[in-house]
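**Student:** Sequence first, then the predicted structure:
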Amino acid sequence: MRVRLETLGCRLNIGEMESLAGQLAAAGHRIVGPGDPADLCVLNTCTVTATAARKSRHMLRRLRRDNSSAVLVVTGCWSQLDQDAARATGARLVVPNENKDRLAEILATEGLLDDGDPVPAADGAPFPALGDHTRAFVKVQDGCDNRCAFCIVTVARGAGLSRPAEEVVAEIRRLTAAGYREAVLSGVHLGSWGHDLGRPRGLEELVRRVLDETRIERLRLSSVEPWDLHEGFFELWEDPRLLPHLHLPLQSGCDATLRRMARRTDTAAFARLVELARAAHPDMAVTTDVMAGFPGETDAELEESLAFVESVGFARLHVFRYSRRPGTPAASMPGQVPGPVASERSRRLHELGARLERAFQARFLGRTMDVLWEEPEPHGAVLRWSGLTSNYLRILTDTPDGTDLANRITAVRLREILPGAILAASPLPLRR
Ligand code: SF4
């Protein structure tokens, strides 16, 4: 059976679809790309912003149009909250978030994997990745017990639920055996791993187990809420396989805004965490999310936020405009910020983010660093490869001789800052 898997939104969604891809491939089905005919299409949707919800609807319609004879199955946060709209686009099955981890089993039970002959995966194909990356996103947790005032995801995904450590270890062993060099531990609220199992310092235990019981070469954490980390956590970076990259969502650098957002941190506690992170590893990249135009945000609050973000010196900002999501406390708060004002604030945050990113990149110019290479793109007469350093610097390099760098780790000298990336010299001889 030819199955097309599409995902929108967060890395957790990517991880869920990669896991499904692995299960379907193991059962003899082929995961096909956008240009190939498909018998079954599965879309994992997102609703974190109004734009994400709109994209989910459009993607579903496009899948329907491009694969008129295929069966359409939809899951994820948008279809969870708007099942009627999902069905109206012709989806045969709308799978609730709580059943998403059993999607392969559900597809089989519903008889949706019966039509068409099983098609063996192409020879030597590794565990199939959906994007142009070589990292495997491993879902270790779902849901969240917090109620940040703007967050619809927590409504769509429900309470925090940890995946047993044994399963996580087994999946990472499988990925390692299939050739993956890097795994990214992912969750809606990754830092709460183990809380539902009565283990308040669960994430620390889980990371130790993965490092001790698997041979994965590079282990990265996705986003961790700042209130989940304690001083002892930073000792984990004594193991060089844990990559020096910490994504700590800040949302605002103004304490009054943070209180209205019901975030369980403040700028002083956040700054202390960043200090600890940088003390744990000199190359540590601290990246963050910042929101523009949360209800009640005044010009003065924005200035405070910009000043704090600048003082922290993040390696990268993910900026997004506040999006009013029905069902969240923020949707009915007074002081909704007009769209054009929020856009202008977002522009200023983007500008600051670009400046901070360049400053972080500049620190590493001239250094030789290991890069895990992903996919190439033609660039004039050469192939231009893209990859990531351990501390999340996006690196590009050209290989005129057709060297295949995919999923290799090589040392390269970082030469020149380009928009969003650093151009490196040609790779030194391959390590493997
Ligand atoms: S911590 Fe806050 S923003 Fe993150 S998923 Fe939970 S409620 Fe949403």
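**Tutor:** Nice, thanks for sending it over.

**Student:** Could you list everything the closest residue to residue 389 other than its chain neighbours pairs with in the sheet?
**Tutor:** In space, and not counting its chain neighbours, residue 389 is closest to residue 369: 4.8 Å by CB to CB, 6 or more residues apart in numbering. (C-beta placed from N, C-alpha, C; glycine too.) Beta bridges link residue 369 to residue 412, judged by DSSP bridges.

**Student:** contacting residues around the spatially closest residue to residue 142 that is not a sequence neighbour?
**Tutor:** Nearest non-adjacent residue to residue 142, counting by CB to CB, 6+ apart: residue 161, 5.0 Å away. Contact analysis of residue 161 by CB atoms under 8 Å, 6 or more residues apart in numbering lists 141-143, 196.

**Student:** can the residues you listed go into JSON lines with extra columns for secondary structure and distance to residue 265?
**Tutor:** Conversion of these to JSON lines gives the following (DSSP: H, G, I helix; E, B strand; the rest coil; distance: CB to CB, whole Å):
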{"residue": "141", "secondary structure": "strand", "distance to residue 265": "19"}
{"residue": "142", "secondary structure": "strand", "distance to residue 265": "22"}
{"residue": "143", "secondary structure": "coil", "distance to residue 265": "20"}
{"residue": "196", "secondary structure": "helix", "distance to residue 265": "21"}
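
**Student:** Isn't the residue nearest to residue 389 up against residue 409?
**Tutor:** No. Using CB atoms under 8 Å, residue 369 makes no contact with residue 409, being 10.4 Å away.

**Student:** The helix or strand bottoming out on mean pLDDT in the chain packs against which elements?
**Tutor:** Here the helix or strand of the chain ranked lowest by mean pLDDT, DSSP states H and E is helix 153-157, holding a mean of 83. Under the contact criterion of 3 or more CB pairs under 8 Å, 6 or more residues apart in numbering; DSSP states H and E, helix 153-157 touches helix 77-81.

**Student:** Show me what counts as buried in whichever helix or strand comes after the helix it packs on.
**Tutor:** Moving toward the C-terminus from helix 77-81, the next helix or strand (DSSP states H and E) is helix 83-88. Within helix 83-88, the residues that qualify as buried by neighbour count (16 or more other CB atoms under 10 Å) are 85-86.

**Student:** Which neighbouring elements make contact with helix 83-88?
**Tutor:** helix 77-81, strand 93-95.

**Student:** Any chance you could list what contacts it?
**Tutor:** Contacts of helix 83-88 (CB under 8 Å, 6+ apart): 45, 57, 60, 74, 78-79, 94.

**Student:** buried subset of the residues you listed?
**Tutor:** For the contacts of helix 83-88, buried by 16+ other CB under 10 Å: 45, 57, 60, 74, 78-79, 94.

**Student:** Quick check, pLDDT for residue 380.
**Tutor:** pLDDT, residue 380: 86.

**Student:** Kindly provide the distance from the residue of the stretch 151-300 of the chain found nearest the ligand to residue 407.
**Tutor:** As assessed by CB to the nearest ligand atom, the ligand sits closest to residue 151 within the stretch 151-300 of the chain, at 3.1 Å. Going from residue 151 to residue 407 by CB to CB, to the nearest Å gives 35 Å.

**Student:** Now a ChimeraX select for only the buried ones of the contacts of residue 161.
**Tutor:** Buried members of the contacts of residue 161, defined by 16+ other CB under 10 Å, are picked up in ChimeraX with:
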select :141,142,143
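
**Student:** Quickly check the contacts of residue 161 for the two that are furthest apart.
**Tutor:** 142 and 196 (10.4 Å; CB to CB).

**Student:** list residues touching both of the two?
**Tutor:** 160-161.

**Student:** Mind jotting down where the strands sit in the stretch 201-350 of the chain?
**Tutor:** Under the criterion DSSP state E, counting those that start in this stretch, the stretch 201-350 of the chain contains strands at 218-221, 245-247, 285-292, 316-321.

**Student:** Need these in JSON lines (columns: mean pLDDT and distance to residue 359).
**Tutor:** As requested, those are exported to JSON lines (pLDDT from 0 to 100; distance: least, CB to CB, whole Å):
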{"stretch": "strand 218-221", "mean pLDDT": "98", "distance to residue 359": "22"}
{"stretch": "strand 245-247", "mean pLDDT": "98", "distance to residue 359": "17"}
{"stretch": "strand 285-292", "mean pLDDT": "98", "distance to residue 359": "12"}
{"stretch": "strand 316-321", "mean pLDDT": "96", "distance to residue 359": "11"}
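
**Student:** any idea of the mean pLDDT in the helix of greatest length in the chain?
**Tutor:** Counting residues, the longest helix found in the chain (DSSP state H) is helix 339-362. Helix 339-362 shows a mean pLDDT of 98.

**Student:** cool, and stretch 388-408?
**Tutor:** Taken as a whole, stretch 388-408 has a mean pLDDT of 91.

**Student:** For the longest helix of the chain, which outside residues touch it?
**Tutor:** Residues outside helix 339-362 that contact it (CB under 8 Å, 6+ apart) are 285, 290, 292-293, 297, 302, 306, 309-310, 313-317, 319-322, 337, 393, 417, 420, 422.

**Student:** what's the answer for stretch 322-332, then?
**Tutor:** 47-51, 81, 147, 149-152, 155, 260-262, 291-295, 297, 336-337, 342.

**Student:** What would that stretch look like as PDB? C-alpha coordinates only.
**Tutor:** Extracted in PDB, the C-alpha atoms of stretch 322-332 (Å, rounded to 0.1, in the frame of the first residue of the first chain):
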ATOM      1  CA  TYR A 322      -0.600  36.400  19.600                       C
ATOM      2  CA  SER A 323      -3.500  34.600  18.000                       C
ATOM      3  CA  ARG A 324      -6.900  34.700  19.700                       C
ATOM      4  CA  ARG A 325      -8.000  31.100  20.200                       C
ATOM      5  CA  PRO A 326     -11.600  30.600  21.400                       C
ATOM      6  CA  GLY A 327     -11.700  28.500  24.500                       C
ATOM      7  CA  THR A 328      -8.600  30.000  26.100                       C
ATOM      8  CA  PRO A 329      -8.600  32.500  29.000                       C
ATOM      9  CA  ALA A 330      -6.700  35.100  26.900                       C
ATOM     10  CA  ALA A 331      -9.500  35.200  24.200                       C
ATOM     11  CA  SER A 332     -11.800  37.000  26.600                       C
END
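
**Student:** Just the buried positions in it, please.
**Tutor:** Neighbour counts over stretch 322-332 (16+ other CB under 10 Å) mark 322-325, 328, 330 as buried.

**Student:** returning to what we had before: what is the nearest of the contacts of helix 83-88 to the ligand?
**Tutor:** Among the contacts of helix 83-88, and counting by CB to the nearest ligand atom, the member closest to the ligand is residue 78, at 15.7 Å.
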